[in-house]
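with the sequence up front, the predicted model follows.
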Amino acid sequence: MDRSRLLPVLLAATLLALLLFPLVGEKFYLQYATKIMIMAIFAMSLDLLVGYTGLVSLGHALFYGLAGYALVLMGERGEVSLWWTLPASMAVAALAALAVGALVLRTSGVYFIMVTLAFAQMTYFFVRDSAYFGGSDGKYLNAKPTLSLLGWQPVDLENTLHRYYLTLVLTVAVYLLLRRVLGSPFGRVLVGIRDNEPRMRSLGFATFRYKLAAFVLAGALAGLAGYLTAVQDGIMNPEQLGWNRSGEALVMVILGGMGTLAGPALGAGALMVLELLFSIWTKYWQLLLGAFVIAVVLFLPRGLGSLFARRRAARDGHG
Amino acid sequence: MDAATLLIQVLNGLQYGLLLFLIASGLTLIFGIMGVINLAHGSFYMIGAYLAFWLTGALGNFWVALPAGIALAVVLGIALEWLLIRHLYQRDHLYQVLLTYGLILVFEELRSLLFGDDVHGVTVPDPLNFSIRLTDTLSYPVYRLAMSAICLALAAGMYLLIARTRLGMMIRAGSVNRDMVQALGINIGLLYRLVFALGVALAAFAGMLAAPASSVFPGMGNQVLIISFVVIVIGGLGSIKGALVAALLIGLADVFGQVLLPQISGMTVYLVMAAVLVWRPRGLFGSA
Amino acid sequence: MTDIDAKRAPSRRKFLKTATGAAALTAATLHAPFVIAQRSKIKVGLMLPYTGTYAQLGIAITDAFKLHVDESGGALGGRGIEYAQVDDESEPAKATDNANRLVEREKVDVLVGTVHSGVAMAMAKVAREAGVLTICPNAGADALTGAACAPNIFRTSFSNWQPAFPMGKVLADRGIKNVVTLTWKYAAGEEAINGFKEGFTQAGGKVTKELTLPFPQVEFQALLTEIASLKPDAVFVFFAGGGAVKFVKDYAASGLRRTVPLFGSGFLTDGTLQAQGEAAQGLETTLHYGDGLILPKNLAFREEYRKRTNRDADVYAVQGYDAAQLLRIGLEAVRGDMKAKKHMIAAMGSAVIDSPRGKFTLSKSHNPVQDIYLRKVVGMENKVESVAYKALADPARGCKMA
């Protein structure tokens, strides 16, 4: 995979900036930055599907939301530990991805987009209408999970700063994990499937299984993002499962530059920062945001990331 | 459920289905023929509804407002295609998604600027402002029956246009092989512009027609968008016949779902779509 | 004592003077714990929808809130008021971030919001954790002054249960025995219908069927047909906004009004009469306000509001106006010193608010204890026919303060 020489430098610089940010950032900005990083994880997990495997999912928030709700439900009776709730939530998301993927991966193209949307919407309605999940107004997380090592509690998730650093560590971990996966033979098969699935099949690859594996991995990582959202906000509402959330993630991926991993993370940051800035500025902030998005599409054909990277393994212009 | 009620519910389902077809027709044209995923479709529907509200107030008569609104919608469609959409044909579908998503935001804000944020109504126009008695308790608004008739006429008209006219032939050819059509000397750019404008006009027309039976309010486009996509996907992309069948199917499923299975009535439409796609991954009448 | 000691040691007189002064000052401070009002302004954070389906409500609440502040000379309790506004888009997924923007970034002294209940629940969590004084001018989630109640959270609107409950007795008193209910399947609808059901069954009636359709769907034909075949004595509904407009029009067009009278929670006809027109005439609803209420305070308010905004006031405007009134009462009680939080909250809790809807007080769970009116649509106005229930308090189920 081609990679620009500029990119690692930029990434390192960003990491450094994020590490030092709490020195200058106030509580609100720390919270917002934590949210941005969570969305970056979400966007990167979607990029695995969209940019690298060629699977455009409009139902990715299903796994994100389910994991968040899993934490809320697990924590209903009292304090729980992060050590088991985090993997458990991700497992819930992964299982859901396995179930949904087994059904939807038979379709392709726009049909795939729509059927992923269908499953997400069905789950949204189910969660919204059932009292078990707290109904349409959402459900509170009673207490943030604890993170203790043999009685010593180094990280207190009630503390904004601790949550910030934990999220930062996890974001970097996800990025590195995905880079590893995508650089491996498995990852190359995915790209091959994206570019020409029939050819991969004729070469002897069981493409369905590879796609399913990617789908499950992406689902699990989306679940991580959902879990962190529940920890951050202390509340889950059904809208976190809906198509608006899935659509947002897709916009971030495309805006940042599909198939680059860092691009979607950048897209997440850009979208959230601009939303904040524009809405502080004017009542008609949606107008500015819409105009910005349109401008990027017209003038930056490979997304925002193309401003920084020179050669990338990006999707070509044929649909 | 007694026989009379059953029949009326079937009527309800068909009528709702025809309305869905009307709403989705513009989308199936634009996507089926041009391959453009137009997320702003709901916005055009909303624009139509607000045009109906504004023009009926300004011109005094709903039936005069209709053609005026359609004309404006056509102009809007041509302008949008020329300014923005035509740059995207050669690029990945997802950029169309992104661009039209940006359009949604822009249109929503423009609407707020121009028309404010209040809820509006459009009175049902004469001479259709009455209901006919079906049972001793229930009457049926004639306007809805008129809408259904118009939808059927539209379906027939679209079919004739695409299948039987020279223009329709060019459109069909252009959807299959754009370059070849161009090589044959046909101005594909102009063709696409026409088709896009037609799609926008259809969406706006749907909004205008539905306005008296509905209400005009901010965010009304969002609800319509998803259901339109569901309809055309179930029907099969690019198939007008498919869109009609799918719309009627959904109309009936929704109506009977609401009455017989209210616990899952929100999901009914999506269940149907998931079931169809798992059985027929290209939709009912979709081609490969 | 040596000479040096004599010089250093304060004279007895001086000592007594200082001591008395100190004692007096201490006594004064103990008796009057309020620092004289500082000149800095109080920041009010408005978290409301300014875009999307509920934009109309957010704008009405904001305009009415600011109206009262301006009426009071731009200051409440001697402190000037400045605003920070956040558009919450009625989007629950973004609610926590938006609330944080006001509480952490803008560092508002008072939080006023919001319209959508899902958003309000997320906002309430932020408010509770930060301890910020919060006044809710609309969101009716029962839990906000129920299971999730808190000392620093107030509401000047209603709980979903409240406006619907009295209609039960009204219908039972008219000899109506069985009723079919209809609403959207979401918390607000369910809580309203539950309120009505409670009142109706208490008075001896029976709800034969509870119909719902998914929010925010507005295709009512199927359920109207169902109602026609069920032939109940009456129908009670909860709808609001665009959906309310369409439902009333559909109900009229279906001819059901002849045989099955329609009743509803007042949101069915509030802020929607212009759009509903003929179809809404004669509709009776219950609500804690009626634009046709003939009270001097209401008439004055409506005139002022019209002059300021060129629109007619609705129940949402009244709620926003009263939020400002409640804040004023609290600030006046502590003479502008927001540090005296406990005292301010106590004053607000025991306030009597002279509202355009009539005077009302707050329950222990900080929800209005108010008269619910029976209104009838006459022309472009909800005329108040009678008081359906005097001083109704929400049962505040699950609230630890009540």
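Right, received. Where do you want to start? Numbers count the residues shown, from 1 in each chain, chains lettered A, B, ... in the order given.

contacting residues for residue A:125?
Residues in contact with residue A:125, defined by C-beta atoms under 8 Å, 6 or more residues apart in numbering or on different chains, are B:264, B:266-267, B:270, C:214. Just so you know, the C-beta spots here come from the backbone N, C-alpha and C atoms, and that holds for glycine as well.

what does the stretch 51-200 of chain C have sitting close to chain A?
Applying C-beta under 8 Å from any C-beta of the partner chain, one finds that the stretch 51-200 of chain C approaches chain A through C:51, C:86-87, C:91-93, C:95-97, C:100-101, C:104-105, C:117-118, C:120-122, C:125, C:129, C:141, C:143, C:148, C:185-187, C:190.

show me just the buried residues among those.
Buried members of those, counted by 16 or more other C-beta atoms under 10 Å in any protein chain shown: C:51, C:86-87, C:91-93, C:95-97, C:100-101, C:104-105, C:117-118, C:120-122, C:125, C:141, C:143, C:148, C:185-187, C:190.

need the pLDDT of the most centrally placed residue in chain C.
Central residue of chain C (C-alpha atoms, centre = their mean): residue C:157, 1.9 Å from the mean position. pLDDT recorded at residue C:157 is 96.

not counting sequence-adjacent ones, nearest residue to it?
Closest residue to residue C:157 apart from its sequence neighbours, by C-beta to C-beta, 6 or more residues apart in numbering or on different chains: residue C:319 at 4.3 Å.

can you confirm that neighbour is in a strand?
No: counting by DSSP: H, G, I helix; E, B strand; the rest coil, residue C:319 is not part of a strand but helix.

any idea how far it lies from residue C:167?
20 Å (C-beta to C-beta, to the nearest Å).

same check on residue C:158?
Distance of residue C:158 to residue C:167, given as C-beta to C-beta: 13 Å.

so what's in contact with the two at the same time?
Common neighbours of residue C:158 and residue C:167, using C-beta under 8 Å, 6+ apart, do not exist here.

show me what from the stretch 151-288 of chain B comes close to chain A.
Going by C-beta under 8 Å from any C-beta, the residues of the stretch 151-288 of chain B near chain A are B:226, B:229-230, B:233, B:237, B:263-264, B:266-267, B:270-271, B:273-274, B:277-278, B:281-283, B:286.

same for chain C: which of the residues you listed are within range?
Answer for these near chain C (C-beta under 8 Å from any C-beta): residue B:266.

which ChimeraX command selects the buried ones in the residues of the stretch 151-288 of chain B next to chain A?
Only the buried members of these enter the following ChimeraX selection, criterion being 16+ other C-beta under 10 Å:
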select /B:226,229,230,233,237,266,267,270,271,273,274,277,281,282,283,286
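
among the residues of the stretch 151-288 of chain B next to chain A, which lie within helices?
Members of these lying in helices (criterion: DSSP state H): B:226, B:229-230, B:233, B:270-271, B:273-274, B:277-278.

just checking, residue A:187 touches residue A:51?
No: using C-beta atoms under 8 Å, residue A:187 is not in contact with residue A:51; the gap is 11.5 Å.

which one's more surrounded, those two?
Neighbour count, other C-beta atoms under 10 Å in any protein chain shown: between residue A:187 and residue A:51, residue A:51 has more, with 31 against 20.

residue contacts, residue B:54?
Counting by C-beta under 8 Å, 6+ apart, residue B:54 makes contact with residue B:115.

how about a cut-off of 10 Å?
Neighbour list for residue B:54: B:65, B:68-69, B:72, B:114-115, B:120, B:122, B:216 [criterion: C-beta atoms under 10 Å, 6 or more residues apart in numbering or on different chains].

give me the distance between it and chain C.
Residue B:54 sits 14 Å away from chain C, going by C-beta to the nearest C-beta, to the nearest Å.

show me where the stretch 101-250 of chain A has strands.
A:139-140, A:147-149, A:152-155, A:235-236 (DSSP state E, counting those that start in this stretch).

and the stretch 1-150 of chain A, which residues reach chain C?
Residues of the stretch 1-150 of chain A lying close to chain C (C-beta under 10 Å from any C-beta of the partner chain) are A:26-32, A:35, A:61, A:65, A:125, A:128-129, A:131, A:134-141.

buried members of the residues you listed into PyMOL, please.
To isolate the buried members of those in PyMOL, using 16+ other C-beta under 10 Å:
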select buried, chain A and resi 27+28+29+30+31+32+35+61+65+125+128+129+134+135+136+137+138+139+140+141
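
still on that earlier bit, surely the residue nearest to residue C:157 and residue C:368 touch.
Yes: taking contacts as C-beta atoms under 10 Å, residue C:319 lies within contact range of residue C:368: 9.1 Å.

quick one: common contacting residues for these two?
Residues within reach of residue C:319 and of residue C:368 at once, by C-beta under 10 Å, 6+ apart, are C:155-158, C:288, C:355, C:357.

show only the entries of those found in strands.
Members of the shared contacts of residue C:319 and residue C:368 lying in strands (criterion: DSSP state E): C:155, C:355.

and the shared contacts of residue C:319 and residue C:368, which is closest to chain B?
residue C:157 (19.1 Å; C-beta to the nearest C-beta).

skipping its backbone neighbours, what lies nearest residue C:150 in space?
Here the residue nearest residue C:150, using C-beta to C-beta, 6+ apart, is residue C:128, at 4.8 Å.

what's the answer for residue C:122, then?
Counting by C-beta to C-beta, 6+ apart, residue C:122 lies nearest to residue C:95, which is 3.5 Å off, once chain neighbours are set aside.

host element of the one you found?
helix C:95-100 (DSSP states H and E).

now for that helix, which elements pack on it?
Counting contacts by 3 or more C-beta pairs under 10 Å, 6 or more residues apart in numbering or on different chains; DSSP states H and E, helix C:95-100 is packed against helix A:27-47, helix A:207-233, helix A:262-281, strand C:42-48, strand C:79-87, strand C:110-113, helix C:117-130.

tell me the most buried of those?
With neighbours taken as mean count of other C-beta atoms under 10 Å in any protein chain shown, these reach their highest mean count in strand C:110-113, at a mean of 28.

give me the mean pLDDT for that strand.
pLDDT averaged over strand C:110-113 gives 95.

check stretch B:132-141 too.
Stretch B:132-141 shows a mean pLDDT of 84.

contact partners for the residue nearest the centre of chain A?
Centroid-nearest residue in chain A: residue A:42, 0.6 Å away (criterion: C-alpha atoms, centre = their mean). Residue A:42 sits next to A:60-61, A:63-64, A:174, A:218, A:221-226, A:228-229, A:245-246, A:248-249, A:252-253, A:264-265, A:268 when contact means C-beta under 10 Å, 6+ apart.

shaky segments in the chain?
Unless you meant another one, I'm taking chain A. Scanning chain A with the threshold set as pLDDT under 70 gives A:1-5, A:309-319.

my question was about chain C
Within chain C, the stretches with pLDDT under 70 are C:1-39.
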